[in-house]
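[1] structure for the following, please:
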Amino acid sequence: MGMSIPYELTGRTRQKARTRAALLAAARELLAEGATPTVEQAADRAGISRTTAYRYFANQRALVAGTYPEIGVTSLLGPAPPQDPVARLDEAVERFTRQVLDHEPELRAQLRLSLEPGPHGPDELPLRQGRAIGWLEDALEPLRERLGPRELRRLVLAIRAAIGIEALVWLIDVAGQSREEATAIVRATARALLDAALAQAD
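    Predicted coordinates for the structure are as follows:
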């Protein structure tokens, strides 16, 4: 049996690309308003029939992954990552921070929701699933033996606490830094935490 071709790649591809873009734009708006959009909600907001919308996104998870394509990746490093842990971390933090700023309205909405009391099911806050921890562990993998698993985990958590949407919101909204300055600060902080952990290990 041959590979099935995605719906968008058959027939009127330009029109289909516009439809897909409209559904994603609607989903991003809903995320920025603090809702986790269903396929039906995105279709209604975009003025597209629900039947048509399901041809593009089979379910809510696929839709959210479409608005935030980095959800599915296991590494932020390119195809030929550097071996040096400092360079690996810098690359990962730079890409992660750019990603956060690219999706800032949606991430702010998810952050706001995560601060509300009560339990949150796994589908309620799709952008707050701890993915960055895996990305940072991947970046710092060459240090696993040198630091040991426990210290490496502590370092990863410390860096994640310093570089996410929470830190950027504080730097931008409270400390009055520009997005560029905030990015430079979180990168420098991540580097300082790594330097401190290496100094301690030695």
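[2] break down the protein into its helices, ranges please.
    13-32, 39-46, 50-56, 60-67, 85-102, 104-114, 131-139, 144-147, 149-163, 165-169, 179-201 (DSSP state H).
[3] contacts for the fourth one, please.
    With Cβ atoms under 8 Å, 6 or more residues apart in numbering as the contact definition, helix 60-67 has outside contacts at 20, 23-24, 27-28, 31, 36-39, 42, 56-57, 71-72, 103, 106, 123, 126-127. Every residue, glycine included, has its C-beta placed from N, CA and C.
[4] let's see it at 7 Å
    For helix 60-67, the external contacting residues (Cβ atoms under 7 Å, 6 or more residues apart in numbering) are 24, 27-28, 31, 36-39, 42, 57, 71-72, 106, 123, 126.
[5] domains for this protein, by residue range?
    Using automatic domain parsing, the domain ranges for the chain come out as 7-67, 70-201.
[6] and the gap between the nearest residue to residue 89 once chain neighbours are set aside and residue 86?
    If you skip the residues right next to it in sequence, residue 89 has residue 139 as its closest partner in space, 5.0 Å away by Cβ to Cβ, 6 or more residues apart in numbering. Distance, residue 139 to residue 86, using Cβ to Cβ, to the nearest Å: 10 Å.
[7] sorry, back to before: among the contacts of helix 60-67, which ones are buried?
    Taking 16 or more other Cβ atoms under 10 Å as the criterion, what is buried in those is 24, 27-28, 31, 36-39, 42, 57, 106, 126.
[8] which one of those residues is nearest to residue 177?
    Distance to residue 177, by Cβ to Cβ, is smallest for residue 106 among these, at 21.0 Å.
[9] quick one, grab the pLDDT at the closest one.
    Note for residue 106: predicted pLDDT of 85.
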